[in-house]
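> with the sequence up front, the predicted model follows.
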Amino acid sequence: MVKIDKKYWSVIFLMVLTSGCFEQPEFSDVPQIELQDFYYTEVGGIADADSIVVSFSFQDGNGDIGIPRIGFPDGTSGDDTSDPYHEKDYFLATGDGNLVRMPTETIFADTVRNGNLDALRLTVLIPPTLNGKLVTNETRLLPEYSDLPIYRDEDLGCINYTKDFLLLLKGNEAILDNDFKTKGTVLDIVSGLEFIKLDDITYFEFNPEFNNLDITLEVEGNGGVFNVFDWQAVYCENFNSRIPVISDSNTSSEGVISYALVSTGFKTVFTNKRIRIRIKIRDRDLNVSNEIVTPPFRLDDVRRN
């Protein structure tokens, strides 16, 4: 089985200039990146993960590279996963063939579980309107939504449909069909808010703003044409990632980011084929950088031990 292990990255922070002795460079607030290096490292064993490492420089005019972090009730912190940095978009079908995108918010609710007070981390749907029905695997049976992807058990959670643990604020039940499956409620005893636990197969799309480092693999086909290899569709994982906050200042910054794509499957999937990698990043204002592309390469041609 091909497996993506934990990806890793490092940042060589070259410069953060503030007012003082140095004149601050004038970079665009839209990040700019440039390819520096790339290579392949093979560990050896069939079960050992190999790496394709790419390094690129960045420049940003206001230093807002990195997903924001938020504090948790237990005193720890982690990446923000609320809109606009949520992982998945869900949808409302408005009955006319159109879909309305619906983000999510991560909240912490103090509730009693197994007799003990527990702060649960919950993913809550945020309906922009109550004029529509939450899209499920049954929605495509309606003539006006027949172009929705076909549901397949083997794809559940990977693409198109999921049974993620989702909640809906009580009072918003109008977006649920009468036959929509639910599984009780969760009560936040501090705010008094009650949430409905959803237990059905819902349609989703990955939110492109969830990650701020986008990696696209392309493989050479007939006639030398490079086509996207959809690792997510084939192996239910991808190489996109979240660069953490590099600087808390609002000043120009530049540096070099090294990032490793790690998997047990590179040699199996690509054998002696030529591939290339497309890379782009986005900042906290959701400005998307230029896209850089590695030259085409075979793994053995760029191997380093």
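Yep, that arrived. Residues are numbered from 1 along each chain as shown.
> pLDDT below threshold where in the stretch 51-200 of the chain?
Counting by pLDDT under 70, the stretch 51-200 of the chain has low-confidence residues at 112-115, 117.
> ranges for the strands of it?
Along the stretch 51-200 of the chain, counting by DSSP state E, counting those that start in this stretch, strands occupy 69-71, 77-79, 88-93, 99-102, 104-113, 116-125, 133-134, 161-162, 166-169, 182-187, 194-198.
> so what are the sheet partners of the third one and their directions?
Under the criterion DSSP bridges, strand 88-93 sits next to strand 99-102 (antiparallel), strand 133-134 (antiparallel), strand 202-206 (antiparallel) in its sheet.
> hmm, back to that, V288: which of the strands of the stretch 51-200 of the chain is closest?
Shortest separation from V288 across the strands of the stretch 51-200 of the chain is recorded for strand 88-93, at 17.3 Å, computed as C-beta to C-beta. The C-beta positions use only the backbone N, C-alpha and C, and glycine is treated the same way.
> domain parsing for this protein?
The chain breaks down by automatic domain parsing into domains covering 8-67+212-302, 69-206.
> straight-line length of the shortest one, end to end?
This means domain 69-206. The distance separating the two terminal residues of domain 69-206, taken as C-alpha to C-alpha, to the nearest Å, comes to 20 Å.
> again with stretch 170-180
15 Å.
> how about it: buried residues?
172, 175-176, 180 (16 or more other C-beta atoms under 10 Å).
> quickly list what R303 is bridged to.
When bridges are taken as DSSP bridges, the partners of R303 come out as Y40.
> local confidence estimate at it?
In the predicted model, R303 carries a pLDDT score of 95.
> how many other residues sit next to it?
Taking other C-beta atoms under 10 Å as the criterion, the count of residues near R303 is 13.
> one more: T139?
Other residues near T139 come to 21 when the count uses other C-beta under 10 Å.
> you'd agree it is up against Y203?
Yes: the pair T139 and Y203 qualifies as a contact (C-beta atoms under 8 Å) at a distance of 6.7 Å.
> what is in contact with those two at once?
Common contacts of T139 and Y203 (C-beta atoms under 8 Å, 6 or more residues apart in numbering): L148.
> circling back to that earlier point, rebuild the strands of the stretch 51-200 of the chain as a markdown table, extending it with mean neighbour count and distance to V219.
As requested, those are arranged in a markdown table below (neighbours: other C-beta atoms under 10 Å; distance: least, C-beta to C-beta, whole Å):
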| stretch | mean neighbour count | distance to V219 |
| --- | --- | --- |
| strand 69-71 | 12 | 36 |
| strand 77-79 | 13 | 31 |
| strand 88-93 | 22 | 27 |
| strand 99-102 | 17 | 31 |
| strand 104-113 | 17 | 33 |
| strand 116-125 | 15 | 34 |
| strand 133-134 | 22 | 37 |
| strand 161-162 | 20 | 27 |
| strand 166-169 | 20 | 35 |
| strand 182-187 | 13 | 42 |
| strand 194-198 | 20 | 38 |
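> okay, the ones you listed in JSON lines with distance to A260 next?
Formatted as JSON lines, the entries for those read as follows, by distance: least, C-beta to C-beta, whole Å:
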{"stretch": "strand 69-71", "distance to A260": "22"}
{"stretch": "strand 77-79", "distance to A260": "19"}
{"stretch": "strand 88-93", "distance to A260": "25"}
{"stretch": "strand 99-102", "distance to A260": "33"}
{"stretch": "strand 104-113", "distance to A260": "28"}
{"stretch": "strand 116-125", "distance to A260": "28"}
{"stretch": "strand 133-134", "distance to A260": "38"}
{"stretch": "strand 161-162", "distance to A260": "28"}
{"stretch": "strand 166-169", "distance to A260": "32"}
{"stretch": "strand 182-187", "distance to A260": "39"}
{"stretch": "strand 194-198", "distance to A260": "36"}
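> picking up where we left off before, and of the strands paired with strand 88-93, who's closest to P127?
Taking C-beta to C-beta as the criterion, P127 comes closest to strand 99-102 out of the strands paired with strand 88-93, the separation being 5.7 Å.
> gap between the closest one and the chain center?
Strand 99-102 sits 18 Å away from the centroid of its parent chain (C-alpha atoms, centre = their mean, to the nearest Å).
> if anything else comes up later, I'll come back, but that's it for now.
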